[in-house]
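[1] No letters, just coordinates:
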């Protein structure tokens, strides 16, 4: 063991769900860890030194009605961190937040490190996808939000009409998102909403589509599919 840290200690609200993420900021490797107490913790990846913390909730938030914790994984992109909050999927839906955070400084950077905060989202357990100046993030209600990466301004929303557990994937100029009803929606990536297709996978899609080696892997509740492009696609 090189180092360990006990945060958030006994302040866990309900459970510890999220995974840590690693990024290099100003030449310093950081590990960012969403605690089950609703705070984001950053550590020096080599030494374990605690660098900064960020409260992922408004100061007047109260558990369990309005205070949430991180279930999704933080995303490093272009020197910033993107993170949404939620609760156990079995809990009732409620207010959510998505943050863009400047991961620097020392101590509590809730105010100084906040680049923007997006509140038109419900509780989310999905990890954001960041590409070409846009942030795509889904909430448990089943709505996919497309935001400007610099300002958090919403460009569009797409309602899958079913709860979303997995995360959006951006690949080949498209956005893929699966839902509990078993559908995978394919949207055009960009600032204008355009639905290209919706594929019925036959069973709930709780996972995130994964591209690798020219294939798209989609796991449903009962099967794993490896999908390739047709040899002679229609034009």
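    Nice, thanks for sending it over. The shown structure was predicted, so the numbers you read here are calculated from the model rather than taken from an experiment. Numbers count the residues shown, from 1 in each chain.
[2] pretty sure residue 29 contacts residue 45?
    Yes: using CB atoms under 8 Å, residue 29 is in contact with residue 45, at 3.7 Å. In this view, the C-beta of every residue, glycine as well, is placed from N, C-alpha and C.
[3] Looking at those two now, which is surrounded by more residues?
    Shown here are residue 29 and residue 45; by other CB atoms under 10 Å, residue 45 has more neighbours (19 against 13).
[4] residues in contact with the more buried one?
    Going by CB atoms under 8 Å, 6 or more residues apart in numbering, residue 45 touches 22, 29-31.
[5] before we move on, back to that, who touches both of residue 29 and residue 45?
    With CB under 8 Å, 6+ apart, residue 29 and residue 45 have common neighbours residue 22.
[6] Now restrict the contacts of residue 45 to buried residues only.
    30-31 (16 or more other CB atoms under 10 Å).
[7] Out of the contacts of residue 45, which is nearest to residue 65?
    Closest approach between the contacts of residue 45 and residue 65, by CB to CB: residue 31, at 30.7 Å.
[8] State the pLDDT value of the closest one.
    Residue 31 carries a pLDDT value of 97.
[9] where does the chain have low pLDDT?
    The model of the chain has pLDDT under 70 over residues 232-235.
[10] Nearest residue to the middle of it?
    residue 127 (1.9 Å; CA atoms, centre = their mean).
[11] So residue 22 is in contact with residue 30, correct?
    Yes: with contacts counted by CB under 8 Å, residue 22 reaches residue 30, the gap being 7.2 Å.
[12] Could you measure from the closest residue in space to residue 122 that isn't next to it in sequence over to residue 160?
    Excluding the flanking residues, the one nearest residue 122 by CB to CB, 6 or more residues apart in numbering is residue 139, at 4.1 Å. Applying CB to CB, to the nearest Å, the value for residue 139 to residue 160 is 10 Å.
[13] Which one's more surrounded, those two?
    The neighbour comparison of residue 139 against residue 160 (other CB under 10 Å) goes to residue 139, with 23 against 20.
[14] list the contacts for that one?
    Taking CB under 8 Å, 6+ apart, we find residue 139 in contact with 84, 86, 96, 121-124, 126, 145, 164.
[15] List just the nearest of the residues you listed to residue 110.
    The closest of those, once distances to residue 110 are taken by CB to CB, is residue 84, at 15.9 Å.
[16] residues near the closest one, how many?
    So residue 84, with other CB under 10 Å, has 32 neighbours.
[17] and what of residue 206?
    Residue 206 is flanked by 18 other residues according to other CB under 10 Å.
[18] Just want the phi and psi numbers for it.
    Backbone torsions of residue 206, given as degrees, to the nearest 10, read phi -90, psi -10.
[19] do you know how far the nearest residue to it once chain neighbours are set aside is from residue 80?
    Spatial nearest neighbour of residue 206, excluding adjacent residues (CB to CB, 6+ apart): residue 165 at 4.2 Å. From residue 165 over to residue 80 the distance is 25 Å, taken as CB to CB.
[20] can you check residue 182 too?
    Residue 182 is 34 Å from residue 80, by CB to CB.
[21] between those two, which one's more packed in?
    More crowded of residue 182 and residue 80, by other CB under 10 Å: residue 80, with 21 against 18.
[22] Contacts only, for the spatially closest residue to that one that is not a sequence neighbour.
    Nearest non-adjacent residue to residue 80, counting by CB to CB, 6+ apart: residue 100, 5.6 Å away. Applying CB under 8 Å, 6+ apart, we find residue 100 in contact with 80-82, 114-117, 135, 149, 152.
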